[in-house]
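[1] have a look; sequence and predicted model below, questions after that.
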Amino acid sequence: MPSQRSGPASGTSLAAIAVLNMDDAGDVAPAAAMGMMIFYTNIAARLLHMLLSRRLTRKTQAWRQR
């Protein structure tokens, strides 16, 4: 019989699902705050990826400048 899990490990769920559950339960302010934290984390990860990609590209493609 397959186990029914909500995430990668038992007892965990995705943050976006947790936001929806909080909103459905009437906890609008904490849900909005958590949603914004997800958004800010996404922006930070994208900026970090962009900076690292740009730096790596400059180092690996330096031979083209010669």
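    Sure thing, it's come through. Since this is a predicted model, take the numbers as computed values, not measurements.

[2] CA atoms for contacts and neighbours, from now on please.
    Noted.

[3] now the helices for the chain?
    According to DSSP state H, the chain carries its helices in the segments 15-24, 28-60.

[4] do you know how far the most centrally placed residue in the chain is from G35?
    Note on the chain: the residue nearest the mean C-alpha position is N42, at 4.8 Å, using C-alpha atoms, centre = their mean. Distance, N42 to G35, using C-alpha to C-alpha, to the nearest Å: 11 Å.

[5] can you check M22 too?
    11 Å.

[6] then K59?
    In terms of C-alpha to C-alpha, K59 sits 36 Å off from G35.

[7] next one: R46
    Separation of R46 from G35 (C-alpha to C-alpha) stands at 17 Å.

[8] between those two, point out the one with more neighbours.
    The neighbour comparison of R46 against G35 (other C-alpha atoms under 10 Å) goes to G35, with 17 against 12.

[9] was I right about that one contacting A16?
    Yes - at 7.2 Å, G35 counts as touching A16 under the criterion of C-alpha atoms under 8 Å.

[10] give me the pLDDT value at the nearest residue to P30 once chain neighbours are set aside.
    Distances taken as C-alpha to C-alpha, 6 or more residues apart in numbering put M22 closest to P30, at 7.4 Å, once the chain neighbours are dropped. pLDDT, M22: 92.

[11] run a quick neighbour tally on M22.
    Look at M22: counted by other C-alpha under 10 Å, it has 17 neighbours.

[12] what about it, distance to A15?
    Per C-alpha to C-alpha, M22 is found 10 Å from A15.

[13] same thing with A62?
    From A62 to A15 the distance is 41 Å (C-alpha to C-alpha).

[14] compare neighbour counts for those two and give me the winner.
    Taking other C-alpha under 10 Å, A62 and A15 do not tie; A15 has more neighbours (13 against 10).
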